[in-house]
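S.K.: Fold the following and give me the result.
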Amino acid sequence: MEVYFPQRHEPVYRGCLSWIIEEFTQLRGGCTVHSNVDGYYLSRSNEVIDDRVSVIYSDFPLDWDDDSDQIEVLSYCATLKDFLYENLSEEKILISAYPVSHFRE
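M.R.: Prediction:
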């Protein structure tokens, strides 16, 4: 799972980012955060907006081919997105989930 999180100076943004990092670390075993990533998007008013984001990655151990596992992670994504919309002032919030294979020897 990836969360593209806008970098803002308001306390609510710093708090939500800290919460996501803690959530992924405690519930999912860890996460990786890339900060100060350049991002661009097209606003509702059709303007290109440059934006700094943090990208937070976390693995969800599941079988992507199992419908119940897939529903679980997609439901979690929807809940997380709803939480962020309720707490942040953003036009869009991007969360993605996709299968990844880990190499094992």
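S.K.: Could you count how many residues lie near the residue lying closest to Ser96 once chain neighbours are set aside?
M.R.: Closest residue in space to Ser96, ignoring its immediate chain neighbours: Glu2 at 4.8 Å, by CB to CB, 6 or more residues apart in numbering. C-beta coordinates here come from the backbone N, C-alpha and C atoms, glycine included. Applying other CB atoms under 10 Å, we find 17 residues neighbouring Glu2.
S.K.: wait, isn't Glu2 in contact with Leu80?
M.R.: No: the criterion here is CB atoms under 8 Å, and Glu2 misses it with Leu80 at 11.3 Å.
S.K.: and Ile56, which of the three is it?
M.R.: Judged by DSSP: H, G, I helix; E, B strand; the rest coil, the three-state class of Ile56 is strand.
S.K.: what sits against it?
M.R.: By CB atoms under 8 Å, 6 or more residues apart in numbering, the contact set of Ile56 is 2-3, 5, 17, 20-21, 24, 31-33.
S.K.: now with 7 Å?
M.R.: Contacts were defined as CB atoms under 7 Å, 6 or more residues apart in numbering; by that measure Ile56 touches 2-3, 5, 20-21, 24, 31, 33.
S.K.: any common contacting residues for Glu2 and Leu80?
M.R.: Between them, Glu2 and Leu80 share the contacting residues Ile95, judged by CB under 7 Å, 6+ apart.
S.K.: what about Glu91, which SS state?
M.R.: Three-state assignment for Glu91 (three-state DSSP): coil.
S.K.: Grab the nearest non-local neighbour of it.
M.R.: Nearest non-adjacent residue to Glu91, counting by CB to CB, 6+ apart: Arg44, 5.8 Å away.
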